[in-house]
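# predicted model and sequence follow; I will ask about them next.
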There are 2 protein chains.
Amino acid sequence: MQSFSNLVTTFENRFSTLSSFPLQPATLYDPCNYFLGIGGKRVRPVVCLMACELFADITDDAWRAAAAVELFHNFTLVHDDIMDKAPLRRGQQTLHQKYGLTSGILCGDVMCIYAYDQLAHIKKALPQVMQVFNKTAIEVCEGQQIDMDFELRNDVSIEEYLQMITLKTSVLLAASLKMGAITGGALGDNANKLYEFGKNMGIAFQLQDDYLDAFGDTDKLGKQNGGDILANKKTYLLLKAKEHATPEQKQLMENLLMQDDAHKVAKMLALFVTTGADEACRTATKYYSDLAFSCLEEVAVPSARKAPLRELATYLLHRDK
Amino acid sequence: MQSFSNLVTTFENRFSTLSSFPLQPATLYDPCNYFLGIGGKRVRPVVCLMACELFADITDDAWRAAAAVELFHNFTLVHDDIMDKAPLRRGQQTLHQKYGLTSGILCGDVMCIYAYDQLAHIKKALPQVMQVFNKTAIEVCEGQQIDMDFELRNDVSIEEYLQMITLKTSVLLAASLKMGAITGGALGDNANKLYEFGKNMGIAFQLQDDYLDAFGDTDKLGKQNGGDILANKKTYLLLKAKEHATPEQKQLMENLLMQDDAHKVAKMLALFVTTGADEACRTATKYYSDLAFSCLEEVAVPSARKAPLRELATYLLHRDK
């Protein structure tokens, strides 16, 4: 069993071989290589490999599934960046910002197809892996659409928000684990428990992300607090604050959302605290985090084998235990 | 064996069942249904079914492959329309024109994934079908990128043009036939001959399309002649005319390409004729058309079984024989 940092390095090496694009047309593949080079934590492919390793040595099929997941994830990032009009990702220019809209669309498309091309090499259980992958890929698109729709709505409920983040971000983490488990030969119940572990971990991670964007340590985050507040993003904090607000607080929030205010972030943060939204967000994060860990414990393999996944989740969820 | 019109009707019925989208989120799936409803000749899925029928009764796998091809084709149309800034397709609003850029990107994406979801249902020879499909899908993206690159270049050769139309349009027709043949249990050589038949038919069809846009009967086409000329599109006619032009003719062409001229279409058509580009285009069309028919004849099944494919190609290529 390998540690997270170990697997990230091994994955990076394998990935650059497995998913090397042709040289031509350079106008198509140079931007793809640029974007994949921006990097990221590679959490999805690594949990895929870890899930496989619960049941068997990492198989060629698991490497393919991991590469597919990473390519698919990057495809969604490229297209999401267009839809979100995002100029930067991890401090680097987004693909469409650097190479234009046409490249943004087409490079995303071809990365999606290369993801499936990785899957096509899977020797065992290809139909099962495809089924998980396709269901998830559709859900990710649905989640992105629902997120876009939220921008035009003022009546988004907490329940709808949780559903959206589940689709948009958690199911891909969940599917990565399940696909890894399947390629490792896991039986249905274990694969499904790992799926639930990933899904709940993904939800907890997103809620924590909402929290840290508002209340995080700016030194550690490397960015200013309150980006979501400035963008009027409907986060868990905002929705919960709205739900708990008195009529006066609600009015204040609505004013803040409509106008430019030099102290918008500070005023909104104060509202998140006085309405108890901050506390509710931490509670919800812990709820999904606990749920994730208990799903992991239910996977029927010796506890020691689960150490890498447990450590990774602990690290990602900033937990002490 | 069934005729083209017969198979189109049957396909439409099956397709609406096989590829029915969920109801929610309606903001994602309504635009998809709108776009698929615009229709089209359904040539690709129908030749897929016809290719299967050369070797066996149409199988469930063939229906899935046909549906996948049609979904994939529509995905590329939706994204191409964005890149081409096209407001209309078959007289109807393009998807992004009607629903916006975000929908254009995301609906295209989800149609691509649904294409793979159709493939995932294939029971026999899934890896072989996936391999053909993925290779082709990548080529289609590459062809679109090369087409986009052409807009910025002034030194496109005829050879490069033929390569581009092969990738952008012919290989998907070719792959539809090959996938149909594989699902019908064809052996390698027959499947490859059908691929070549489709590839050459696709090239001939595109060359004919270039010709008809310039010289076609406007009544039959339902649109004005010279759309490509007005858009300065680098077609076979334009590239060939450039190649054959005298220095004076070349200068005249370049002026026409740079300026607005009330008689631009008429003057360019005259140049196509005097340089012999029109004749060269007809000759090239016949060359690829003949090649297509001879590939079809080499497919080792009784000649009578090939009648539907032969008739369809004759119809599409406006041939008398």
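Here it is on my side, so go on. Numbers count the residues shown, from 1 in each chain, chains lettered A, B, ... in the order given.

# would you map the helices across the stretch 201-321 of chain A?
Using DSSP state H, counting those that start in this stretch, the helices of the stretch 201-321 of chain A run over residues A:218-221, A:227-230, A:236-244, A:247-258, A:264-274, A:277-298, A:307-316.

# export those to TSV and append columns for distance to residue B:111.
Every C-beta, even on glycine, is put in place using the N, C-alpha and C of the backbone. Below are the helices of the stretch 201-321 of chain A laid out as TSV (distance: least, CB to CB, whole Å):
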stretch	distance to residue B:111
helix A:218-221	37
helix A:227-230	31
helix A:236-244	31
helix A:247-258	35
helix A:264-274	39
helix A:277-298	32
helix A:307-316	33
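
# chain B versus residue A:254, what's the distance?
Between residue A:254 and chain B the distance is 25 Å, computed by CB to the nearest CB, to the nearest Å.

# coming back round to it: most packed of the helices of the stretch 201-321 of chain A?
Mean neighbour count (mean count of other CB atoms under 10 Å in any protein chain shown) peaks for helix A:236-244 among the helices of the stretch 201-321 of chain A, with a mean of 22.

# what's the spacing between it and its chain's center?
22 Å (CA atoms, centre = their mean, to the nearest Å).

# please find the angle between the direction vectors of that helix and helix A:264-274.
With axes from the mean of the first three to the mean of the last three CA atoms, to 10 degrees as the basis, helix A:236-244 and helix A:264-274 are set at 60 degrees to each other.

# average model confidence for helix A:236-244?
Helix A:236-244 carries an average pLDDT of 97.

# likewise for stretch A:200-215?
96.

# contacts for it next, please.
For stretch A:200-215, contacts defined as CB atoms under 8 Å, 6 or more residues apart in numbering or on different chains pick out A:162, A:165-166, A:169-174, A:221, A:225-229, A:235-237, A:268-269, A:272, A:278, A:281-282, A:284-289, A:291-292, A:295, A:313, A:316-318.

# rewinding a little: looking at the helices of the stretch 201-321 of chain A, which is nearest to residue B:255?
helix A:227-230 (52.2 Å; CB to CB).

# alpha carbons of the closest one, in CSV - could you do that?
Extracted in CSV, the C-alpha atoms of helix A:227-230 (Å, rounded to 0.1, in the frame of the first residue of the first chain):
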residue,chain,number,x,y,z
GLY,A,227,-14.2,35.7,-3.1
ASP,A,228,-17.6,34.0,-3.0
ILE,A,229,-19.1,36.9,-1.2
LEU,A,230,-17.8,39.4,-3.8
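
# and the one helix or strand residue A:29 maps to, what does it pack onto?
Assigned by DSSP states H and E, residue A:29 belongs to helix A:26-37. Helices and strands touching helix A:26-37, by 3 or more CB pairs under 8 Å, 6 or more residues apart in numbering or on different chains; DSSP states H and E, are helix A:60-83, helix A:95-99, helix A:101-119, helix B:126-150.

# the first one close to chain B?
In this case it means helix A:60-83. Yes. Under the criterion of CB under 8 Å from any CB of the partner chain, chain B is reached by helix A:60-83 at A:79, A:82, A:83.

# what pairs with the helix or strand following that helix, parallel or antiparallel?
On the C-terminal side of helix A:60-83, the nearest following helix or strand under DSSP H and E is strand A:88-89. Using DSSP bridges, the strands paired with strand A:88-89 are strand A:92-93 (antiparallel).

# any idea which helix or strand of chain A has the worst average confidence?
Ranking every helix and strand in chain A by mean pLDDT, DSSP states H and E puts helix A:218-221 at the bottom, with a mean of 59.

# so which of the residues of helix A:60-83 next to chain B wins on neighbours?
residue A:79 (26 neighbours; other CB atoms under 10 Å in any protein chain shown).

# tally of neighbours for the residue nearest to residue A:92 when sequence neighbours are not counted?
Among residues not flanking residue A:92 along the chain, residue A:38 sits closest, at 4.9 Å (CB to CB, 6 or more residues apart in numbering or on different chains). By other CB under 10 Å, the residues close to residue A:38 number 15.

# apart from its neighbours in sequence, what residue is nearest residue A:119?
Nearest non-adjacent residue to residue A:119, counting by CB to CB, 6+ apart: residue A:68, 4.9 Å away.

# ok, that neighbour touching residue A:134?
No. Using CB atoms under 8 Å, residue A:68 is not in contact with residue A:134; the gap is 11.4 Å.
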